[in-house]
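Asks: What shape does this take:
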Amino acid sequence: MKRVVDGLLFEYDFRRADCVAGVFPPSGGHATFGSLQKAAGGISCLDGVGVQAATARPAAALVSNGSAARVLSALVASSSFTLELWMSSAEEDIANTGSRLPILALGRGVAEHGVAEADCYEERHALLVAQRGAFLEVELLEQLYTDSRGTTSPSCFAAEAYADTGERSLALSPALSLALSPAPSPAPSPDRAPFALTLSPTPVGTGAVFSSAEALYHVVVTAAPHAPLRIYVDAVQLTDLQDPLRHFPATYPIDVDFGLWPPEGVLAVAPKTRPLSAGRLWGKAAPGGWSGRLHMLAAYSRALSSEQVAANHAAWLVDSAPLTPDESVTATEDAPLRLDMAPRASTPFDAAYSPRPPRPLTLYISSLPALGTLHADDGTGRAGAEIALSPRDLPLELPRSGFVWYRPPKDVHSAGAEASAALRYFASNGVQASLPGTLSLTLTLTLTLTLALTLTLTLTLTLTLTLTLTLTLTLTLTLTLTRHALHRARRRQRPSRGNALRGGGLRGRSVLIPAARHRRRLACRQLHRLRLTVARHAATRRSAPVGRQRARRRPQPNVHAVHHIKLGSRGRGRSGRGAAAG
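Replies: Next up is the predicted model:
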């Protein structure tokens, strides 16, 4: 549903970008107060739409840089007026029931000097909207009053609004009846006789308008000729209006003379309270002033109907700009980093209060990092596109996933906690764009990651080597045992004495014990000497004459007697000719 624009004088939607800049230009209307400027330390910016008045501030939180001349000329021509605002109260303001806290005021000196209880009668302000505890109070300069002595003084209308709880009581009502005192108006109309004695059931004035500091309230005040003042809260008209001074219902018709309002006056948001003037007996000043939140302010040169008030309430506020805060990310030197930009943008104000479904956010890259390159994400999870982004691609709209790749320069890392590079980004919901945020990139040394990987690999290799050594020992032990078993088997199968003395047997492998080997060596030597003796003897016979050989013939030594040599005898065996002769 759209807002009513017919007769719109001014509208301020208090966008966050304007709050950061310190100046709120009007977002609509043809006759405005100019821009609203914030005082030093007067307000704080909300995460969304609106401002919050500071508790300790030197003067008004916001002041218009233009006068009320153009606004008042339109009001004088129409004789009707509507004031609309979206607001939320502070907890301490709801608890402060003893003083009136001005939300906004129009008048002279209200920005510098503040507002006191009796200022309307002294023509210091012509319009005031205030909070007194849990109740709403409206005061405006109505007309001039001339008493019986001919003294002219301003007449102000004030109404304190309460939520209707359904309870009723008998109280004075300004109906046509017996007048107990002269009417305080210059020309009482037939349908208005103040201070008339009429008993009628009226609300008791106990219903709280502001019940929670977390809720947003849509407040609308309308004034029309020959009609009572109407106050709406969240599109519901409050019928329980009480005069805070005279304590009777303030539901009688009024006629506001807008020509009495000061054209040189300014509009002040959250002016400070001022001590009362001398001789005034009601009320007291609050130490700081109103500290609630204001989300929208508008005015019309007409009295909106209840249907139009409901339409504006249904239209709600303008969608708040997304938030893109400054953040930092740590990357590893020489390693590409995939940046997830989607969670960095949010609209917490709309998520908490807006009756509309949230709008999708689109993210943009507005500036590239001075070191390294950015690459578009191709959705595969790899290191992005090969072609780096250039300034000609800015502002770069990111995909719905919100991913973009950053490739740091080679062999570059941050010194301490200082960022090596930074990029700027913003988000848009189709209505407003966020303020640019900065994403700082800190590059850490690769050495830290390399050492961690090296330790892991070392542990793995150590485990592998341990297993290998265990298998080797097992195999070695098995082979040793097998060889020992073979030796034992061969020892059981010892060769015969004849085979052991043969050349082939003596040169083969032996399984004898060391003492047996020694005896075998001695036997081998004796055999060798015997063979030499036989060979020399044979040579001598071949060289001697035949007859002589026959004459000297002697028995030949038996070579096969070697088999009778006792290999196991101790001591040195016989050798030479004695061995052959035996």
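
Asks: can you give me the strands in the stretch 251-400 of the chain?
Replies: For the stretch 251-400 of the chain, applying DSSP state E, counting those that start in this stretch gives strands covering 266-269, 293-300, 327-332, 337-340, 362-367, 373-376, 396-397.

Asks: ok, now how distant is R15 from L36?
Replies: Separation of R15 from L36 (CB to CB, to the nearest Å) stands at 12 Å. For glycine as for every other residue, the C-beta is placed from the backbone atoms N, C-alpha and C.

Asks: and if you look at P399?
Replies: Distance from P399 to L36, counting by CB to CB: 39 Å.

Asks: ok, these two, which is more surrounded?
Replies: Relative neighbour count places L36 above the other of P399 and L36, with 28 against 15, counting by other CB atoms under 10 Å.

Asks: Test of understanding: give the bridge partners of Y300.
Replies: L8, T82 (DSSP bridges).

Asks: Just the pLDDT for it.
Replies: In this prediction, Y300 carries a pLDDT score of 97.

Asks: before we move on, what about the one 4 residues further on?
Replies: For L304, the pLDDT comes out at 97.

Asks: Is there a neighbour count for the nearest residue to it once chain neighbours are set aside? I'd like the number.
Replies: What sits nearest to L304 in space, not counting adjacent residues and going by CB to CB, 6 or more residues apart in numbering, is T82, at 4.8 Å. By the criterion of other CB under 10 Å, T82 has 26 neighbours.

Asks: And the one 10 residues further on, by the same measure?
Replies: The burial metric for E92, expressed as a neighbour count using other CB under 10 Å, is 15.

Asks: Backbone dihedrals for it, both of them.
Replies: Here is the backbone geometry of E92 (degrees, to the nearest 10): phi -70, psi -30.

Asks: Next, the contact list for the residue lying closest to it once chain neighbours are set aside, please.
Replies: Excluding its sequence neighbours, the residue lying closest to E92 (CB to CB, 6+ apart) is S291, at 6.6 Å. S291 sits next to Q52, A53, A54, T55, A90, E92, D93, A270 when contact means CB atoms under 8 Å, 6 or more residues apart in numbering.

Asks: G292 is in contact with the fifth one, correct?
Replies: What that stands for is A90. Yes. A90 lies in contact with G292 (CB atoms under 8 Å); the separation is 4.7 Å.

Asks: Those two: which is more packed in?
Replies: Just comparing A90 and G292: by other CB under 10 Å the higher neighbour count belongs to G292, 22 against 19.

Asks: So for the more buried one, what's the pLDDT?
Replies: Per-residue confidence (pLDDT) for G292: 94.

Asks: Overlap of the contact sets of R15 and L36?
Replies: What both R15 and L36 touch, as defined by CB under 8 Å, 6+ apart, is the set F24.

Asks: picking up where we left off before, out of the contacts of S291, flag the one nearest to L323.
Replies: Q52 (16.1 Å; CB to CB).

Asks: I figured the closest one hits R293, correct?
Replies: Yes. Between Q52 and R293 there is a contact under CB under 8 Å: 4.6 Å.

Asks: if I look at these two, which residues touch both of them?
Replies: Listed as contacting both Q52 and R293 by CB under 8 Å, 6+ apart are L46.

Asks: related to what we said a few turns ago, export the strands of the stretch 251-400 of the chain as JSON lines, with columns for distance to R542 and mean neighbour count.
Replies: Formatted as JSON lines, those follow (distance: least, CB to CB, whole Å; neighbours: other CB atoms under 10 Å):
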{"stretch": "strand 266-269", "distance to R542": "150", "mean neighbour count": "27"}
{"stretch": "strand 293-300", "distance to R542": "142", "mean neighbour count": "24"}
{"stretch": "strand 327-332", "distance to R542": "99", "mean neighbour count": "15"}
{"stretch": "strand 337-340", "distance to R542": "105", "mean neighbour count": "16"}
{"stretch": "strand 362-367", "distance to R542": "117", "mean neighbour count": "19"}
{"stretch": "strand 373-376", "distance to R542": "107", "mean neighbour count": "20"}
{"stretch": "strand 396-397", "distance to R542": "117", "mean neighbour count": "14"}
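
Asks: Out of those strands, which gets nearest to R100?
Replies: strand 266-269 (14.9 Å).
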